[in-house]
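Colleague: A structural model of the following input is requested.
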Amino acid sequence: MVYEIVVADPAKNITAFVLNPVADPAERAAAAKALLAFPGLGAEQVGFVIPPPPGEPGRRWRIEMMGGEFCGNAARSFGLYVARCQGLKGQVQVDIEISGMKGSVPVRVDVEAGLAEAAMPLPIAREILPYKGVDLPVYVFEGITQVIAPGIKPSEQAFYAIKALMDAGRPLDALGVMFWDSAAGIMTPAVYVYATESLVFESSCGSGSAALGIWAARDMPDGEARLALNQPGGVIEVRVNKRGGEASGVSIGGPVYFLDAPSSSG
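Modeller: The predicted structure follows:
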């Protein structure tokens, strides 16, 4: 099958949006695997676009990620894409829906400047994972669980060792390990999607940025904390609002580029 796609680049976390209707989960998984492996595309993740049904303009645009997971970079990129599809101009807010999350995601976009900032869900749980004598912070979001790994060198071996410990708990849609080098100030994201059995060391990660931002702001005073998180593909800006010593809101933002896509088939 030939897929019509739009390719988004949020801090090099290349995301292929499939415009064809693909409802069957098995077909989505197969399409995602084909697109992730497609030469010249360089996609790190795949989402399937579901526009509002004809005659129902009040319905929100929705995107289903390849394994039903949640993705912050995809959400903010999709918000900018929807704004452009709707012919919106200037600085506006677009509410979209995405897999792995109940309700909608508000995305503030500057259409002409190509900027998009998505309000992220707060963690539904926080845990500690004992790993080689160190306690790693774990943030459980709807649709993805993020492990913060300070001082651990990024590698598949380290990722799968952490994954083995996490797999002993609840079933997961997606697992991220955010390898954090505090001396260099660089976060290296690795994300595993269970439905597609795919591990990608991503160029950037939106929900991982939110998790690391919340963790980094844990000892900061109440108010707004702003962090610029350097990642292999660029910088994601994180805003954390704190009240009563706890994060009361978090958002991620930055530029989003749309790229020409090679002819793709699966």
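
Colleague: tell me which stretches of the stretch 101-250 of the chain form helices.
Modeller: Listed in chain order, the helices of the stretch 101-250 of the chain (DSSP state H, counting those that start in this stretch) span 156-166, 206-216.

Colleague: and the strand or helix carrying Ala34, what does it pack against?
Modeller: Per DSSP states H and E: Ala34 is located in helix 25-36. With contacts taken as 3 or more CB pairs under 8 Å, 6 or more residues apart in numbering; DSSP states H and E, helix 25-36 sits against strand 15-18, strand 45-50, strand 198-201, strand 264-265. In short, each C-beta sits where N, CA and C put it, glycine included.

Colleague: so after the second one, what's the next helix or strand?
Modeller: Next helix or strand after strand 45-50 toward the C-terminus (DSSP H and E): strand 62-65.

Colleague: any buried residues in that following strand, and which?
Modeller: For strand 62-65, the neighbour count (16 or more other CB atoms under 10 Å) marks 62-65 as buried.

Colleague: what is the nearest of these to Gly40?
Modeller: Proximity of these to Gly40 (CB to CB) peaks at Met65, which lies at 22.0 Å.

Colleague: hmm, Gly47 and that closest one touching each other?
Modeller: Yes. If you go by CB atoms under 8 Å, Met65 and Gly47 touch, sitting 5.0 Å apart.

Colleague: next, show the common contact partners of these two.
Modeller: Listed as contacting both Met65 and Gly47 by CB atoms under 8 Å, 6 or more residues apart in numbering are 71, 74, 98.

Colleague: ChimeraX command for the buried members of those residues?
Modeller: Buried subset of the shared contacts of Met65 and Gly47, written as a ChimeraX selection, criterion 16+ other CB under 10 Å:
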select :71,74,98
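
Colleague: and of the shared contacts of Met65 and Gly47, the nearest to Ile162?
Modeller: Nearest to Ile162 out of the shared contacts of Met65 and Gly47 is Cys71 (CB to CB; 19.7 Å).

Colleague: surely that closest one meets Glu44?
Modeller: No. Using CB under 8 Å, Cys71 is not in contact with Glu44; the gap is 9.8 Å.
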